[in-house]
Each structure stands twice: as C-alpha cells, then as structure tokens.
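[1] Okay, here's the prediction I keep looking at, along with the sequence it came from:
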Amino acid sequence: MEGKDISIYIHIPFCVRKCNYCDFNSLVPPSEDTVFFYTDALIREIKSRGELLSDRHLVSVYIGGGTPSFIPSSCIGRILDLISSYITIDDDTEITLESNPGTLNEMKIKDYVSFGINRVSLGLQSAVEEELKILGRIHSFEDFKENYDKLYWGGIDNINVDIMTSIPLQTPESLIKTLDEVIKLEPKHISAYSLIIEQNTPFYDKLRYGLLPLPSEEESYYIYKLSQEYLVSRNYARYEISNYSLEPGCSKNTGGKDYRCVHNPRYWDRGDYLGFGVSAASLMGDHRFTNTADLNEYASDPGQILSEDLMLGQKDAMAEFMFLGLRKTEGIRCADFKECFDVDIDKVYGRVMRYQIDRGFARTDGKDEEKRFCLTDTGLDYSNIVMSEYLLDP
Ligand code: SF4
C-alpha cells in the first residue's frame, strides 16, 4: 500500500549575478569550493531527515533557487541519487529544475534527463532587451531562445517560462511583444508575476530617489490584466493567480495532457513537503519549520538550526487552508474543509464568504459534496485584501 503523499523542495542559493529587483537568498557568484561545500551540507541534511521520507509516496521534487542550473550537474545528480535511496522516484514523478537563460548547455541537459528531471522552469521575464537590461538579467532574448531549443531538443519539453509585468519602461505594446514571442514557442506552462519592489535591492534605492521609470499604478493594473486576457485568449488556462498551462487538446504539442504544475499546488493544498537547504521551509501536518537563512550557520549543522519552528493552531491552519486554497481559480472544496477540521465551513467562514459573494469577489460552484467556493477575477485581482478577511481572532 502506498504511503501518504509528500513533496520535496531543494534550495540552491547561487546565481551568476544579482538581478536589480531580487531580495532572494542567493550568493553571487559563489566559488567552486562554496558550491561543493554547500552540496555536502545538503547531503548531510538529507541523511539526517531521510527517515521522514520512508513509507511515503513522492509526488514531486522542485529544485529551486537561486539558479540551480548554474552549479555543476554532478551536484544535482548526487542530491537526487541520495533522495532515491530513501523514497521511490517513479518515472512520471514531476522533477522540476529552475534555470536561467545562459546557464544551460547540452551536457548539463543530458545529465538532467539521465537524473529523471522532466520539467524546467526558465526565467525569461521579458523578450525586450531594454527591459532585460534594466532588470539586471544576465541574458538576452536570444540566449533564452537558444537555451529553450536546447532543452526541447535535448528531451525536456515540459517547460515553464517566467515572465514579469510592471517592469520599468514596460508598455502594453512591449508586454504583447514578450507574450507573442513566448507563445510562439508553445511552452506547456507560463507564469506571469508582477514586479514587486523589495527593500534592500537596487530598485528600492532607485525608487526612493525617483530614478525608477515604473509604469503608474493604473498602467501597471492595465498591463497585468492584459497579460491575463492575452494568455487566456491564446489557450493558456489560468489555474492560479499567476500560473497558466497550455489547454490540453488545443495543440498537438500537449498530446491531450494537462500541464498544470504538480509541485506548487501542493503548497496551495497544504500537502506535506520537506524543504532541504538554506532557508528552505517544510510543512508536515501542521508543523511548519524553516531552515536558517545564514549559509555558514546552515552548513555548521544542516537542518538543525531553524529560523521558524511552530505547530500551527487550528485557527491558523484554517486561515491557511482558505488563503492558500483560494489562490487557485477552482478555489476550495467545502467538504475538504470539513474533512480537515471536522467543522462545517459555514460555521467558521459563512459570514465572510457571503460578504465576499455580495461584493462580487467570490462565488460558489457545484453543490452538496462537490460544492466549491472560489474567487472571481475581481477577487483574485484584490486577493491581498480578500485573503486577509480569513484571519481569525486568536
Ligand atoms: S536569477 Fe532569480 S534568484 Fe538569481 S538574482 Fe536573479 S531573480 Fe534573484
């Protein structure tokens, strides 16, 4: 009998160079020694927590960063090899590797395929050179196309392309150019995120001095809506606030398959996942814990020094269930709430749900056991405000 589902996240905190908007925990550029030192630490952490994987069914592995494709593929191979000694990796288990254009070559791709990696997420952000430059990206659009083709012909055709809206200097026309260039390639999946200006980034400083030519709030909203409508009109189904998959059956390229990412919905559904590496987060039942963000501290005792270690109370778990689940366009199944918490969703959230429906932010679909509650497009546009209404008094 198969055990309970689990997913794995591996964090590789290295990049070639820091992008101007990035506040992620990534080192640029690391020495070769640091990369091997870190890989050894990851191996030690996996060994120390490996028993948590036994008797489980592995749903997905996500190797993120940072830029995992920047480090030698042998390091990725060692990690996956060790994981497979604790848990079965099936041929169709989704294994995603994050990558940035300019860091891939034929040899690496060949290795990835031999390790079972079957999905790559490529960070493009924009097809417009001026926008790539202002973002501080390391690549040109040509680099992206070259790496995309190498992946595709090298045996990894399940590719996500990340694009960004609200980039400085971006216009509706330049966004359409990016979308057209990407859609032409028919990637199975596209993620479209809005730029957020984070503290401690060059963009933040520029903004303070009025030197960042960001689109106005109205322009940003228009561009964001345009990205949604354009993708949907070109057969990309929006299944989460920022995620789109090529409609099964719309092209011979899908083979009738659904290419929604398997890994990320595990977070939205509050499935169990174990995160390995510096600053990696885990959720096991209601136990949430996160590794330290300090690389040296992490390497001194991998997986033991935590920046967060808490047992979620029922009210916090309920709020999480709502605001993570409602990120999905299909929303939540009301019966799942009852199954998780042994109480009717109406008793806890009936008032706020009705209030959101009345304001046009939410709706219900189906009935009885299959009744679902989900946000409308307007609700998803204002998700920050809408989600905060699910927080319960302690
Ligand atoms: S490639 Fe990604 S993780 Fe690395 S610096 Fe740029 S935005 Fe940050």
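    Here it is on my side, so go on.

[2] Leaving aside the residues adjacent along the chain, what's closest to the residue of the stretch 251-394 of the chain found nearest the ligand?
    With C-beta to the nearest ligand atom as the measure, residue 279 is the residue of the stretch 251-394 of the chain nearest to the ligand, at 11.9 Å. From N, CA and C alone the C-beta is placed, and that goes for glycine too. In space, residue 279 comes closest to residue 293 once its chain neighbours are excluded; the distance is 4.2 Å by C-beta to C-beta, 6 or more residues apart in numbering.

[3] Over to residue 232?
    Excluding its sequence neighbours, the residue lying closest to residue 232 (C-beta to C-beta, 6+ apart) is residue 238, at 5.9 Å.

[4] The one you found: how many residues sit nearby?
    Neighbour count for residue 238, taken as other C-beta atoms under 10 Å: 20.

[5] Now do the same for it: helix, strand or coil?
    For residue 238, the assignment made with DSSP: H, G, I helix; E, B strand; the rest coil gives strand.

[6] before we move on, what about residue 58?
    Three-state assignment for residue 58 (three-state DSSP): strand.

[7] so how far is the helix or strand hosting residue 346 from its chain's centroid?
    Using DSSP states H and E, residue 346 sits within helix 345-358. Distance of helix 345-358 from the chain centroid (C-alpha atoms, centre = their mean, to the nearest Å) equals 29 Å.

[8] distance of the residue nearest the centre of the chain from residue 304?
    Nearest to the geometric centre of the chain sits residue 264, at 5.6 Å (C-alpha atoms, centre = their mean). Using C-beta to C-beta, to the nearest Å, we find residue 264 at a distance of 27 Å from residue 304.

[9] What helices and strands are in contact with the worst-scoring helix or strand of the chain on mean pLDDT?
    In the chain, no helix or strand scores lower on mean pLDDT, DSSP states H and E than helix 383-388, which sits at a mean of 92. For helix 383-388, the packing partners by 3 or more C-beta pairs under 8 Å, 6 or more residues apart in numbering; DSSP states H and E come out as helix 314-325.

[10] List the buried residues for the helix it packs on?
    For helix 314-325, the neighbour count (16 or more other C-beta atoms under 10 Å) marks 316-325 as buried.

[11] can you pull out the helices in the stretch 1-150 of the chain?
    For the stretch 1-150 of the chain, the helices defined by DSSP state H, counting those that start in this stretch occupy 32-49, 73-83, 106-115, 129-135, 141-154.

[12] Out of those, which gets nearest to residue 229?
    Ranking the helices of the stretch 1-150 of the chain by proximity to residue 229 (C-beta to C-beta) places helix 129-135 first, at 20.4 Å.

[13] Return the distance of stretch 28-35 from the chain's centre.
    The answer for stretch 28-35 is 24 Å, by C-alpha atoms, centre = their mean.

[14] mean confidence for it?
    For stretch 28-35, mean pLDDT is 94.

[15] Stretch 109-119 now?
    For stretch 109-119, the mean per-residue pLDDT is 98.

[16] which non-adjacent residue is nearest residue 345?
    Distance criterion C-beta to C-beta, 6+ apart; nearest residue to residue 345, sequence neighbours excluded, is residue 337 at 4.1 Å.

[17] Checking that neighbour next. Helix, strand or coil?
    State at residue 337, reduced to three classes by three-state DSSP: helix.

[18] wait, doesn't it sit right on residue 320?
    No. Residue 337 lies out of contact with residue 320 (C-beta atoms under 8 Å); the separation is 11.6 Å.

[19] Residue 287 is in contact with residue 311, isn't it?
    Yes. Residue 287 is within contact range of residue 311, at 5.6 Å (criterion: C-beta under 8 Å).

[20] thinking again about what came up before, show the contacting residues for the residue nearest to residue 345.
    Residue 337 is in contact with 318, 321, 343-345, 348, counting by C-beta atoms under 8 Å, 6 or more residues apart in numbering.

[21] Recalculate using a threshold of 10 Å.
    Going by C-beta atoms under 10 Å, 6 or more residues apart in numbering, residue 337 touches 318, 321-322, 325, 343-349, 373.

[22] what do you get for residue 36?
    Neighbour list for residue 36: 30, 71-72, 74-75, 78 [criterion: C-beta under 10 Å, 6+ apart].

[23] In PyMOL, how would I select just the buried ones from these?
    Buried members of these, defined by 16+ other C-beta under 10 Å, are picked up in PyMOL with:
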select buried, resi 30+71+75+78
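
[24] Of the contacts of residue 36, which are in range of the ligand?
    Here nothing survives when those are matched to the ligand using C-beta under 6 Å from any ligand atom.

[25] how close does residue 54 get to residue 160?
    From residue 54 across to residue 160, the span is 30 Å (C-beta to C-beta).

[26] Could you check which of the two is surrounded by more residues?
    Set residue 54 next to residue 160 and count neighbours by other C-beta under 10 Å: residue 160 wins out with 24 against 9.

[27] For my notes, confirm the more buried one occurs in a strand.
    Yes. Counting by three-state DSSP, residue 160 is found in a strand.

[28] wait, what's in contact with it?
    Residues in contact with residue 160 (C-beta under 10 Å, 6+ apart) are 96, 98-99, 119-124, 187-191, 243-245, 259, 261, 264.

[29] Residue 258 now?
    The contact partners of residue 258, taken as C-beta under 10 Å, 6+ apart, are 188, 237, 239, 245-249.

[30] which among the residues you listed end up buried?
    When neighbours are counted using 16+ other C-beta under 10 Å, the contacts of residue 258 contain these buried positions: 188, 237, 239, 245-246.

[31] which among these gets closest to residue 180?
    residue 246 (15.4 Å).
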